[in-house]
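Chemist: After the sequence you'll find the predicted model.
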Amino acid sequence: MVLNDNSSASNAISAQISKPLAYIAMTEDQIIEKILSKLSEHNGSPFFVADFVIHLLGDESAPYNTFVDRLESLNLARPTQPRHAMVITDHGRQVFTNGGWLKYLAEKKSEKFKADDKEALEAELTVSNIEANRLNKRNSKYNIWFSIINVIIGLLNLWLILKAVK
């Protein structure tokens, strides 16, 4: 029976150790996603982000100030008193209801790529237009000579037709 108690204690310790290890691989944006979800659940009530980050990462020395500052700078949440308690902002609520922080980042990245593609296409079109203008200017002096030659050939053809009709 004592063996079972030790086994249970060992399993409990393993479970406590493995939970924080699962979160070690989380990116900062994934942690912000989880914080935003919790802030949304609290629906305007203060939520202690610092305590949540410490619990989530399983580390008393977790850099919770980084997340508090980042949430505030991104206008996802605003601090209350005490500073580590936060409430979700309208922007944060909108981000959460539209699919969350990770989806918001993906959409912003997609918009940036579209803008970059558009800028690249516009630059390519500009270069193409400049090259076409340069070729047109270069060929315009030859176009005058070709027009004169065409008029002369036309007059010769008219003279030959008139001569053949007589």
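Modeler: Structure's in. What do you need? Numbers count the residues shown, from 1 in each chain.
Chemist: Show me what the strand or helix carrying Asp116 is packed against.
Modeler: For Asp116, the host element (DSSP states H and E) is helix 101-165. In terms of contacts (3 or more CB pairs under 8 Å, 6 or more residues apart in numbering; DSSP states H and E), helix 101-165 is packed against helix 28-42. No exception for glycine: its C-beta is placed from N, CA and C like everyone else's.
Chemist: what inclination does the helix it packs on have with respect to helix 101-165?
Modeler: Interaxial angle of helix 28-42 relative to helix 101-165 (axes from the mean of the first three to the mean of the last three CA atoms, to 10 degrees): 120 degrees.
Chemist: Could I get the buried residue list for helix 28-42?
Modeler: Ile31, Ile32, Glu33, Lys34, Ile35, Leu36, Lys38, Leu39, Ser40 (16 or more other CB atoms under 10 Å).
Chemist: got it, and stretch 58-70?
Modeler: Using 16+ other CB under 10 Å as the test for burial, stretch 58-70 gives Gly58, Ala62, Tyr64, Phe67, Val68, Arg70.
Chemist: Show me the domain layout of the protein.
Modeler: 2-99, 105-166 (automatic domain parsing).
Chemist: Kindly reformat these as TSV containing mean pLDDT.
Modeler: What follows is those, written out as TSV (pLDDT from 0 to 100):
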stretch	mean pLDDT
domain 2-99	74
domain 105-166	79
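Chemist: returning to that earlier point: between all of the buried residues of helix 28-42, which two are separated the most?
Modeler: Farthest-apart pair in those is Ile31 and Ser40; separation 14.9 Å (CB to CB).
Chemist: could you check the distance from Phe146 over to Lys137?
Modeler: Per CB to CB, to the nearest Å, Phe146 is found 15 Å from Lys137.
Chemist: swap in Thr126?
Modeler: To Lys137, Thr126 is 17 Å away according to CB to CB.
Chemist: Then Val151?
Modeler: 23 Å.
Chemist: List the buried residues for stretch 49-59?
Modeler: Buried, per 16+ other CB under 10 Å, within stretch 49-59: Val49, Ala50, Phe52, Val53, Ile54, Leu56, Leu57, Gly58.
Chemist: Can you list which of the residues you listed are found in helices?
Modeler: Using DSSP state H to define helices, the subset of the buried residues of stretch 49-59 located there is Val49, Ala50, Phe52, Val53, Ile54, Leu56, Leu57.
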